[in-house]
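Peer 1: Have a look at this prediction, sequence included:
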Amino acid sequence: MKNSLKTNLTSKLKLINIFLIIFGSYSIDIKLKAHLRGYYSTEIEAKEKAKDLGCDGTFKIKEMWMACESEKELHKYLRKK
């Protein structure tokens, strides 16, 4: 009985571990993709991108920052590059 309980617990811990690894990787991947699409976690990063693009200002969507004064303006400058 003790071996069965130990084996069952070990299996459950392995599944939990796998879930945490997959979820952690997925979470990192989402942040990376968001960054590549032009979302930045700080306003400073967004301002630097705005300078690179040639536009002014930044704007915020939820918790992320984007370059230029608006999304419409951002797309206009992205098409130029």
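Peer 2: Okay, I see it.
Peer 1: Let me know the average pLDDT across the host helix or strand of Glu48.
Peer 2: Remark: Glu48 resides in helix 43-53, with elements defined by DSSP states H and E. Confidence over helix 43-53 (mean pLDDT, whole number) is 94.
Peer 1: What of stretch 60-70?
Peer 2: The model assigns stretch 60-70 a mean pLDDT of 92.
Peer 1: Other residues contacting that stretch?
Peer 2: The contact list for stretch 60-70 (Cβ atoms under 8 Å, 6 or more residues apart in numbering) reads 34, 38-43, 45-47, 49-50, 52-53, 55-59, 71, 74, 76-77. Every C-beta, even on glycine, is put in place using the N, C-alpha and C of the backbone.
Peer 1: mind redoing it with 7 Å?
Peer 2: For stretch 60-70, contacts defined as Cβ atoms under 7 Å, 6 or more residues apart in numbering pick out 34, 38-43, 45-46, 49-50, 53, 55-59, 74, 77.
Peer 1: Ends of that stretch, what's the gap?
Peer 2: One end of stretch 60-70 to the other measures 9 Å (Cα to Cα, to the nearest Å).
Peer 1: Domain map for the chain?
Peer 2: For the chain, automatic domain parsing gives the domain ranges 1-37, 38-81.
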